[in-house]
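Peer 1: For reference, the sequence and a predicted model appear below.
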Amino acid sequence: MTDTDRGQRSGPPQQPSPQELQAEIAAARANLTSTLEQLREETRPAALAQRGVNAVKDFFTDEYGGIRPDRVAMAAGVVVTLVVFRGWRRRRRRCHCH
């Protein structure tokens with residue numbers, strides 16, 4: 001069995017032709033352009049807002065589209081706690097009795 005039969009080449013590796021290099025550069029440039037367009041599309045404000053809306057919907061619904069009462073109750077509890085805390089702080093600032 002010779003070296004070429006084993007998949008090995010004897011001698012120095014062949015240099016790609018200028019046309020092959022130009023084709024490779026053109027392909028890389030097209031790939032980069034496509035990637036940049038995709039990133040630009042994904043980072044539009046409307047796309048970011050839609051992703052946020054979808055994330056919130058996914059948090060509050062199960063895989064069948066039903067509402068998850070435990071998570072809704074948890075969010076409501078956080079909101080009520082924040083409202084009560086803010087009201088308490090406002091009343092505390094208004095009191096000049098100390």
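Peer 2: Yep, it's here. Numbering: from 1, shown residues only.

Peer 1: Map the structural domains onto the sequence of this protein.
Peer 2: Following automatic domain parsing, one finds the domains of the chain at 17-60, 62-98.

Peer 1: Ranked by average pLDDT, which of those domains falls at the bottom?
Peer 2: Comparing mean pLDDT across the domains of the chain, the weakest is domain 62-98, with a mean of 88.

Peer 1: Now do the buried residues in that one.
Peer 2: When burial is assessed from 16 or more other C-beta atoms under 10 Å, domain 62-98 yields no buried residues. All C-beta spots, glycine's among them, are computed from the backbone N, C-alpha and C.

Peer 1: Not counting the helix or strand hosting residue 41 itself, show me its contacts.
Peer 2: Counting by DSSP states H and E, the element that carries residue 41 is helix 18-42. Helix 18-42 is contacted from outside by 16, 47, using C-beta atoms under 8 Å, 6 or more residues apart in numbering.

Peer 1: can you give me how far that helix is from the chain middle?
Peer 2: 22 Å (C-alpha atoms, centre = their mean, to the nearest Å).

Peer 1: tell me the angle of the next helix or strand after it relative to helix 18-42?
Peer 2: Following helix 18-42 in sequence order, the next helix or strand is helix 45-60 (DSSP H and E). Put simply, helix 45-60 runs at 60 degrees to helix 18-42, going by axes from the mean of the first three to the mean of the last three C-alpha atoms, to 10 degrees.

Peer 1: and after helix 45-60, which helix or strand comes next?
Peer 2: Helix 45-60 is succeeded, C-terminally, by helix 69-94 (DSSP H and E).

Peer 1: name the helices or strands packed onto that next one?
Peer 2: With contacts defined as 3 or more C-beta pairs under 8 Å, 6 or more residues apart in numbering; DSSP states H and E, helix 69-94 has these neighbours: helix 45-60.

Peer 1: Return the distance of the helix it packs on from the chain's centre.
Peer 2: The chain centre lies 11 Å from the centre of helix 45-60; the measure is C-alpha atoms, centre = their mean.

Peer 1: got the angle between it and helix 69-94?
Peer 2: Going by the same axes, to 10 degrees, helix 45-60 makes 110 degrees with helix 69-94.
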